[in-house]
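[1] Return a 3D structure for these sequence lines:
(chains A, B, C and D)
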There are 4 protein chains.
Amino acid sequence: MDKVRVGIAGLGRLGKVHANNIANKIKGAELVAACSIVEDELAYARNEFGVEKTYTDFNDMVKDPDIDAVVIVTTSSQHCWQIEAAMNAGKHVFSDKPLGVNLEECLQAKAAVDAHPELKFFLGFMRRFDPSYAYAKKKIEEGAIGTPYLVKAIGIDPESTVEGSIKFAKTSGGIFLDMAVHDIDLMRWFLGAEPTEVYATGCTFKHKEFSEAGDDETGVAMFKFDNGGIGTIHVGRTAPHGYHVETEIVGTDGTLRISPIPEKNLTMIYNEHGAVKECIENFGIRFDEAYRIEMEHFIDCVLNDKTPSVNVDDGVESTKIGFATTEAWKKGSAVKI
Amino acid sequence: MDKVRVGIAGLGRLGKVHANNIANKIKGAELVAACSIVEDELAYARNEFGVEKTYTDFNDMVKDPDIDAVVIVTTSSQHCWQIEAAMNAGKHVFSDKPLGVNLEECLQAKAAVDAHPELKFFLGFMRRFDPSYAYAKKKIEEGAIGTPYLVKAIGIDPESTVEGSIKFAKTSGGIFLDMAVHDIDLMRWFLGAEPTEVYATGCTFKHKEFSEAGDDETGVAMFKFDNGGIGTIHVGRTAPHGYHVETEIVGTDGTLRISPIPEKNLTMIYNEHGAVKECIENFGIRFDEAYRIEMEHFIDCVLNDKTPSVNVDDGVESTKIGFATTEAWKKGSAVKI
Amino acid sequence: MDKVRVGIAGLGRLGKVHANNIANKIKGAELVAACSIVEDELAYARNEFGVEKTYTDFNDMVKDPDIDAVVIVTTSSQHCWQIEAAMNAGKHVFSDKPLGVNLEECLQAKAAVDAHPELKFFLGFMRRFDPSYAYAKKKIEEGAIGTPYLVKAIGIDPESTVEGSIKFAKTSGGIFLDMAVHDIDLMRWFLGAEPTEVYATGCTFKHKEFSEAGDDETGVAMFKFDNGGIGTIHVGRTAPHGYHVETEIVGTDGTLRISPIPEKNLTMIYNEHGAVKECIENFGIRFDEAYRIEMEHFIDCVLNDKTPSVNVDDGVESTKIGFATTEAWKKGSAVKI
Amino acid sequence: MDKVRVGIAGLGRLGKVHANNIANKIKGAELVAACSIVEDELAYARNEFGVEKTYTDFNDMVKDPDIDAVVIVTTSSQHCWQIEAAMNAGKHVFSDKPLGVNLEECLQAKAAVDAHPELKFFLGFMRRFDPSYAYAKKKIEEGAIGTPYLVKAIGIDPESTVEGSIKFAKTSGGIFLDMAVHDIDLMRWFLGAEPTEVYATGCTFKHKEFSEAGDDETGVAMFKFDNGGIGTIHVGRTAPHGYHVETEIVGTDGTLRISPIPEKNLTMIYNEHGAVKECIENFGIRFDEAYRIEMEHFIDCVLNDKTPSVNVDDGVESTKIGFATTEAWKKGSAVKI
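    The predicted model follows:
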């Protein structure tokens, strides 16, 4: 095989990003099929990327013998059964995060993945592939900060997209399931350990719609890890300056801080406000490169029989932790994981 | 009165700083007496500042009719009875933080202060007087970040002084009582609210001596506040880069971050390591100006019959919270305050 | 035409970057031919990019009817005649900077370009396409800093590549021709004006080999512009921290500063040196994205009959200014341009 | 002598700063006399500092046997004769910069200083005493950047004070004499060398009043030094963000950059503009500490018979260079110094 023939499921905002990377930016991949229940998305695939085969039924697409791999970018509640169906049909699978929306289906997806060691499965925790995050990980592995023991993760959506968040507040599963799964993954990845207990709380000071819907505008959680390490997460939805994702890893010999200023680029303006770094607007811009690199990684694993660096267990664990965090937040007390 | 005649108790490291400010840097103050059980400290007062009256017994000093105010910089366990004795002797009192080492004595000190409304009492939470912290407070009062609802406070001692911390690990009362009281005060001050519950944990990855002594190298705590706000504290003892005190205040319309880089001064070096900001070595250098300004404030209150901006209740509350945090850390569970 | 069939001339370090972009990263381009006098480079083109047609004679390649455009990345002294030959053979031309090594040949190349208005010519001033530089330009056009009147441009190669610079010191044409042409272009671009006089000097404090070869390690020049504006250039060869390209544009209402810290990525390390931003190693890493974007721009111009944003006049002018600067440096006095 | 009894001449804005430092902040000094032709200033000295002896004639004040030292903060054109008169009357002298307004009177002042080796003379180049500048100098002396060979100095007044600058544009002597003398001193100090040639130009893009008055809004100059080093100066009057003083020193092994962001304090704001550092408003705030430290240094030299670190030759040289720079700016060509 010198080209992986890919069928994509879901062509919403992020689906389009993945489709474009597959079609135009990754040498070893070819976008040959698309599946969506939205006709506009299929038309987009045909017109933008010249995709000839389009499907409205995922089960049909995975039967297509001309497809080697399936990229799943559907809504979260569809991920698990689609993973199962695709693997049982003999396809390599790239699934966007989260793995699933409850632990049961995650374990079912895991069973399917485990049953097919001959196929590659990759879960889209793209932050790990962002050059700055990858660099931090490499520095840690090189010993630059000694043993890491505390991770502080921040992820705040921009105020500019708050209307959308409000609209989905009732069905989002709560701020921690909705927003913290990347941060949970980063904590596990940087500490190389698993959390055993979580304490969480939330608040809503600006947009009452969140608390009225049973959700919160801001969530803060604290984790004890099985190696003695500690983690904290701060997620929010209303950063006025832009999309703020920041992570700090404290080690015995030093600290790494990734993106304390989510700067748009290398330009600084001195004006009547002071010395100003303008900030990144949204996740698509921030992680544009990471989305491409993670897909390159997946394609490389398929082509060259390598082991993907994010696997189904990362999905199971992060979902488990997300649910425990949500329980802690709702109960207002510490919860064992 | 155009000069406040001050007697100082305690001339250790911080006592010397206060003595020097009183003697040399504050127009309205005069250092007229010193009290210490260490003869060297009294000699220092005589030689450095020309102090004529020296005492070994605090009760003697407070009887001196030529003293208007007493500055208490003794060990923490002496603060409360000295406050009481001084106020009962009719002296204005500046006490270094913490107010006391247990809640009972704090309440006793508070009773003494409350019994003397004609006298000024000030508690040395000097961080509030640091120009950057004072500026942040002013910006918040001006509405620059809307309503503040989350405070994240960090205070890490430099690795260079870890030997001293190890030596006192057994008797320090634990990392939260030893180190977090300033951060507790800052959370209360910036949020304008009181914490109702705390969850805390700690870890020791570098210097086993801490955990062996029942203490910890790093402590992390999370607080729920009565107005719905949230606070987090991260204290530590082994920052390789220097003395790291940083505070972030998140509000509905913006965020303030104070000292994310504890830079030594305005100079940056580009060298083989990269673009480097060297960092501040210790608390004395970091808060040198704050120590002077808080003393100016105290003297101004005495001279001009103003109300000190930090009062005995701030001491009682911060001590109460420090003990609750310590309890949460030791029990490993959430504690109501 | 829906794909531009490209022949590349020169596959040295930068040639490989361009070849890879054309072959793998730009949808509308196809790499169909390569020309080099170095057999290894042709083998590289065949093996890496599957290029079938390889040439050792540039004149042969430009006769190939299956080629629409030629990308010239040969040594500077070959650019002009190759541009002329390619255009006369009816090919669109992308030439790497500088346009040429003396004004006469630049004017000859210009004549060829001017004689073929039906063909596109683009000169590779890639810095203009770097996201940070492009953003600065856009901000200026939007009025963010009022009228720009002073540009300060810095370009310093890393100490790590100084051996190469020393080797070519005798034949480089001097530091200003060798290194300042991008900075000259940036000054013209940001000020929208032409320099009328230049004063320049240089020095060599570290590696005597430069002055012994009649060159210099550091060059500083100052320019008066025909609109009353001012420019300064500082070029050097021995930055210990990495590859330092920085540009400041001062305007009536604000200042833009691009890349004052040539940071490798968004990660900062706090360690025993302080708070450290590691820096970019070399121009390839710094301008990786710019090289791709400028090529996309060229291909887009060819495919969609657009006017390239950098033209032959930019090449003529920058060369003229480079020579005047070199004359000023050698004579040690101001020179009219 | 354990206290230096000081008479101050001139109590304008900066005079008040010096008077306050002498009266209130420096242990070894006493403010005993004041001289001014403005009655309000004398009243200020009496009321604020309790100065009993006030003079309207400088010659009278220097005859006062109760004065040990004279601090001259009068208008620049008065400095030289007052230095001469004070020294001939046997007083130690602190003079604010510049030494004088033409070279002749500078040399006359120098003769007076040289004639009195028993008396201390200090010239107020306070930037050398700013903690960041002093730190940079110390780092250089310790070898942190190898041999310094290029100094780039920037000094820009805030837009907020431009009205005052416009008012004095006709009589200021031109932007280089008015504003560059500190930067000239810094170049000499950091390079440890003297300039031999200067090339300069200026421009006025915002406030035409400057060019109409024969002055300029912005000045840029370039200097060759006798050790082969290079200097550049950029002075201006209209920074929208505040008072911008920045200096870069490039050495063989590294670069120091002092205050690239003239930050008001350690607080950063994230708001709708981005990540914002507010900037310092004016020179008084920026160099508040430096003014105190330089005065401490002068008093220490008088009390303990030490040699002041800034001397009359620094004044003569900087004035000479300021005039040469002004000549270069006016003639539009290089000028030998």
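
[2] the strands in the stretch 1-150 of chain A, which residues?
    Secondary structure of the stretch 1-150 of chain A (DSSP state E, counting those that start in this stretch): strands located at A:4-9, A:29-35, A:53-55, A:69-72, A:92-96, A:121-124, A:148-158.

[3] So which of those is nearest chain D?
    Closest to chain D of the strands of the stretch 1-150 of chain A, according to C-beta to the nearest C-beta: strand A:148-158, at 9.6 Å. Glycine gets a C-beta too; all of them are placed from N, C-alpha and C.

[4] Near chain C, which residues of the stretch 101-250 of chain A are found?
    Proximity of the stretch 101-250 of chain A to chain C (C-beta under 8 Å from any C-beta of the partner chain) is limited to residues A:131-132, A:135-136, A:139, A:144-145.

[5] which ones among those residues are found in helices?
    Secondary structure from DSSP state H places A:131-132, A:135-136, A:139 of these in helices.

[6] Nearest to chain C among these?
    The shortest approach to chain C among those belongs to residue A:132, at 4.0 Å (C-beta to the nearest C-beta).

[7] Domains in chain A, by residue range?
    Here the domain assignment for chain A is A:4-119, A:128-287+A:318-336, based on automatic domain parsing.

[8] Pipe those into TSV and attach distance to chain D, mean neighbour count and mean pLDDT per row.
    Shown next, in TSV, are the domains of chain A (distance: least, C-beta to the nearest C-beta, whole Å; neighbours: other C-beta atoms under 10 Å in any protein chain shown; pLDDT from 0 to 100):
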stretch	distance to chain D	mean neighbour count	mean pLDDT
domain A:4-119	24	20	96
domain A:128-287+A:318-336	4	21	97
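
[9] which residues are in contact with stretch A:23-33?
    A:2-8, A:19, A:22, A:45, A:48-55, A:61, A:64, A:66-67, A:292, A:295-296, A:299-300, A:303, C:24-25, C:27 (C-beta atoms under 8 Å, 6 or more residues apart in numbering or on different chains).

[10] Can you give the distance of stretch A:229-246 from its chain's centre?
    Here stretch A:229-246 is found 15 Å from its chain centre; the criterion is C-alpha atoms, centre = their mean, to the nearest Å.

[11] do it and chain B meet at all?
    Yes - contact of stretch A:229-246 with chain B (C-beta under 8 Å from any C-beta) involves A:229-230, A:232, A:234, A:236, A:238-241.

[12] Check the separation of the first and last residues in that stretch.
    Counting by C-alpha to C-alpha, to the nearest Å, you get 19 Å between the two ends of stretch A:229-246.

[13] Contacts only, for the nearest residue to residue A:323 once chain neighbours are set aside.
    Distances taken as C-beta to C-beta, 6 or more residues apart in numbering or on different chains put residue A:103 closest to residue A:323, at 6.3 Å, once the chain neighbours are dropped. Taking C-beta under 8 Å, 6+ apart, we find residue A:103 in contact with A:316, A:319-320, A:323.

[14] Report all helices and strands that the longest helix along chain A contacts.
    Longest helix in chain A, counting residues (DSSP H): helix A:312-331. Applying 3 or more C-beta pairs under 8 Å, 6 or more residues apart in numbering or on different chains; DSSP states H and E, we find helix A:312-331 packed against helix A:103-114, strand A:121-124, helix A:175-179, helix A:181-191, strand A:195-203, strand A:218-225, strand A:335-336.

[15] These: which one's closest to residue B:169?
    Judged by C-beta to C-beta, the one of the helices and strands packed on helix A:312-331 that comes nearest to residue B:169 is strand A:218-225, at 21.4 Å.

[16] can you give me the offset of stretch A:251-271 from its chain's centre?
    Per C-alpha atoms, centre = their mean, the displacement of stretch A:251-271 from the mean C-alpha position of its chain is 22 Å.

[17] For that stretch, list the C-alpha coordinates in PDB.
    Output of stretch A:251-271 as PDB, limited to C-alpha atoms (Å, rounded to 0.1, in the frame of the first residue of the first chain):
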ATOM      1  CA  GLY A 251       8.800  19.100  37.900                       C
ATOM      2  CA  THR A 252      11.500  18.600  40.400                       C
ATOM      3  CA  ASP A 253      14.000  20.600  38.400                       C
ATOM      4  CA  GLY A 254      12.000  23.100  36.500                       C
ATOM      5  CA  THR A 255       8.600  24.100  35.100                       C
ATOM      6  CA  LEU A 256       7.300  24.300  31.600                       C
ATOM      7  CA  ARG A 257       4.500  26.600  30.700                       C
ATOM      8  CA  ILE A 258       2.900  26.300  27.300                       C
ATOM      9  CA  SER A 259       1.200  29.300  25.800                       C
ATOM     10  CA  PRO A 260       0.600  31.600  28.800                       C
ATOM     11  CA  ILE A 261      -0.100  34.200  26.100                       C
ATOM     12  CA  PRO A 262      -2.200  32.700  23.300                       C
ATOM     13  CA  GLU A 263      -0.500  35.000  20.900                       C
ATOM     14  CA  LYS A 264      -1.900  35.300  17.400                       C
ATOM     15  CA  ASN A 265       1.600  35.500  15.900                       C
ATOM     16  CA  LEU A 266       5.000  37.100  16.600                       C
ATOM     17  CA  THR A 267       3.800  40.700  16.200                       C
ATOM     18  CA  MET A 268       3.400  43.000  19.100                       C
ATOM     19  CA  ILE A 269       1.700  46.400  19.000                       C
ATOM     20  CA  TYR A 270       2.600  49.300  21.100                       C
ATOM     21  CA  ASN A 271      -0.400  51.600  21.100                       C
END
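
[18] Wait, residue A:49 touches residue A:18, no?
    No - with contacts defined as C-beta atoms under 8 Å, residue A:49 does not count as touching residue A:18, sitting 11.0 Å away.

[19] In terms of pLDDT, where does residue A:300 sit?
    Residue A:300 carries a pLDDT value of 97.

[20] Grab the nearest non-local neighbour of it.
    In space, residue A:300 comes closest to residue A:306 once its chain neighbours are excluded; the distance is 6.2 Å by C-beta to C-beta, 6+ apart.

[21] How about stretch A:192-208 and chain B, touching?
    Yes - Stretch A:192-208 comes into contact with chain B (C-beta under 8 Å from any C-beta), by way of A:199, A:201, A:203-206.

[22] Next: stretch A:181-189.
    No - residues of stretch A:181-189 contacting chain B under C-beta under 8 Å from any C-beta: none, with a closest distance of 12.8 Å.

[23] Extract the C-alpha set from that stretch and format it as PDB.
    C-alpha atoms of stretch A:181-189 as PDB (Å, rounded to 0.1, in the frame of the first residue of the first chain):
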ATOM      1  CA  VAL A 181     -11.400  15.900  28.000                       C
ATOM      2  CA  HIS A 182      -8.300  17.400  26.300                       C
ATOM      3  CA  ASP A 183      -7.000  18.700  29.600                       C
ATOM      4  CA  ILE A 184      -7.600  15.400  31.300                       C
ATOM      5  CA  ASP A 185      -5.600  13.700  28.500                       C
ATOM      6  CA  LEU A 186      -2.800  16.200  28.900                       C
ATOM      7  CA  MET A 187      -2.600  15.600  32.700                       C
ATOM      8  CA  ARG A 188      -2.300  11.800  32.200                       C
ATOM      9  CA  TRP A 189       0.200  12.200  29.300                       C
END
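
[24] Name the residues that touch that stretch?
    The contact list for stretch A:181-189, computed with C-beta under 8 Å, 6+ apart, reads A:97-98, A:125, A:127-128, A:133, A:137, A:151, A:153-155, A:194-195, A:223, A:225, A:231, A:233, A:235, A:245, A:247, A:310, A:314, A:317-319, A:321-322, A:325.
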